[in-house]
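> prediction below, plus the sequence it came from.
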Amino acid sequence: MPRDGAGPAAGTRPAADVMDKLLVVTADDFGLDESVNEAVEQATRAGTLTAASLMVAAPAAANAVKRARALPQLHVGLHLTLADGRARLPPREIPRLVDADGRFGDRLAFDGLRYYALPAVRRQLEAEIRAQFAAFARTGLTLDHVNAHKHLHLHPTVLGLVLEIGAEYGLTAVRLPAEPLWYARRVSTSAWLGALGLAPWLALMKHRLDCAHVAHNDRVFGIATSGSMDEARLLEILSRLPPGATEIYLHPATRSGAAIAPSMRGYRHAEELAALLSTRVREALASTGAQRGGFRHLAARHPR
């Protein structure tokens with residue numbers, strides 16, 4: 001896994017040469033539920049949240065877009081949903097991807113093999129990714145960034161389609177899901193081993209993004225603590241914020257767990273919202289001296 005302070009890929013400049021610190025604080029699953037959308041609005045107005053990733057086919061997507069239009073300071077990106085969620089296209093058009101209700105499954109390893117090995121599945125995957133990009137474009141919102149639910153954009157086939165299709169829709173930045181080893185180790189041994197296992201895929205992803213002149217963060221916090229990013233964890237991260245471009249992502253909402261989605265039974269959404277609204281967190285954010293905003297601030301410093 002890329003380490004803080006590691007050398008840049010050939011032909012690129014490290015983010016620290018371009019800026020001291022850029023911090024993007026993102027809410028994922030924007031549009032999944034109105035309680036998520038309400039939390040995004042509260043945290044944005046409080047000045048802590050700077051970005052959100054929109055699920056364009058989710059039940060409360062229209063409500064999310066309406067709120068985003070009233071929050072010009074919020075940088076909204078596309079949260080591609082290709083697992084554990086609803087597709088944009090009807091089931092008859094992508095029967096190899098979704099069930100009869102138009103929902104993706106959650107067998108990531110199995111589906112990843114199918115994306116790679118089966119041309120018919122790849123064609124349907126391409127159609128769905130294109131449909132989600134097109135749906136975002138129809139919102140009229142500026143595309144700040146792209147990432148994927150469950151970080152599926154780390155899959156080489158998915159990433160290739162994101163870069164190809166995204167170029168048609170103004171893609172300038174993508175989340176690099178590279179979490180520092182020190183943070184994963186503090187959470188659990190399994191999180192640390194998982195982060196180690198992703199190292200080759202992250203190196204490949206970073207190389208492909210750099211070759212495509214698509215901006216990306218240097219590191220992210222939130223993978224090992226997905227659904228449990230409380231005040232103490234935010235304060236620890238902010239106290240050790242390194243130079244370069246950092247993203248912290250959360251899943252805030254005004255209610256928690258299975259009330260948001262069955263697969264999120266253990267998520268503490270309301271605690272994550274409380275952390276974003278915490279006075280201590282707001283003071284810690286100010287003390288970092290970091291520029292805060294969206295991925296477009298990073299993209300502006302890495303011209304294509």
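Yes, it's here.
> wait, isn't residue 35 in contact with residue 253?
Yes - between residue 35 and residue 253 a contact is recorded at 4.4 Å, counting by C-beta atoms under 8 Å. Quick note: C-beta positions are derived from backbone N, CA and C, even for glycine.
> more neighbours: those two, which one.
Neighbour comparison, residue 35 and residue 253: the larger count goes to residue 253, with 27 against 19 (by other C-beta atoms under 10 Å).
> and the more buried one, how close does it get to residue 295?
Taking C-beta to C-beta, to the nearest Å as the measure, residue 253 falls 23 Å from residue 295.
> next: residue 202.
In terms of C-beta to C-beta, residue 202 sits 17 Å off from residue 295.
> more crowded one of these two?
The neighbour comparison of residue 202 against residue 295 (other C-beta under 10 Å) goes to residue 295, with 29 against 17.
> let me see the contact set for that one.
When contacts are counted by C-beta atoms under 8 Å, 6 or more residues apart in numbering, residue 295 touches 24, 51, 75, 77, 144, 145, 172, 173, 175, 215, 217, 247.
> what's the most distant pair in those residues?
172 and 247 (14.9 Å; C-beta to C-beta).
> counting neighbours, go ahead and name the busier of these two.
residue 247 (27 against 22).
> I'd assumed that one was in a strand, is it?
Yes - assessed by DSSP: H, G, I helix; E, B strand; the rest coil, residue 247 belongs to a strand.
> contacting residues around it?
Residue 247 neighbours (C-beta under 8 Å, 6+ apart): 23, 24, 25, 26, 175, 217, 219, 220, 221, 222, 295.
> who's it bridged to?
Beta-bridge pairing for residue 247 (DSSP bridges): residue 24, residue 220.
> in JSON lines: the contacts of residue 295, plus distance to residue 286, secondary structure and pLDDT.
Formatted as JSON lines, those follow (distance: C-beta to C-beta, whole Å; DSSP: H, G, I helix; E, B strand; the rest coil; pLDDT from 0 to 100):
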{"residue": "24", "distance to residue 286": "16", "secondary structure": "strand", "pLDDT": "98"}
{"residue": "51", "distance to residue 286": "18", "secondary structure": "strand", "pLDDT": "98"}
{"residue": "75", "distance to residue 286": "19", "secondary structure": "strand", "pLDDT": "98"}
{"residue": "77", "distance to residue 286": "25", "secondary structure": "strand", "pLDDT": "98"}
{"residue": "144", "distance to residue 286": "23", "secondary structure": "coil", "pLDDT": "98"}
{"residue": "145", "distance to residue 286": "24", "secondary structure": "coil", "pLDDT": "98"}
{"residue": "172", "distance to residue 286": "28", "secondary structure": "coil", "pLDDT": "97"}
{"residue": "173", "distance to residue 286": "25", "secondary structure": "strand", "pLDDT": "98"}
{"residue": "175", "distance to residue 286": "24", "secondary structure": "coil", "pLDDT": "98"}
{"residue": "215", "distance to residue 286": "25", "secondary structure": "strand", "pLDDT": "96"}
{"residue": "217", "distance to residue 286": "21", "secondary structure": "coil", "pLDDT": "97"}
{"residue": "247", "distance to residue 286": "18", "secondary structure": "strand", "pLDDT": "98"}
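> nearest to residue 60 among those?
Of those, the one sitting nearest to residue 60 (C-beta to C-beta) turns out to be residue 77, at 16.9 Å.
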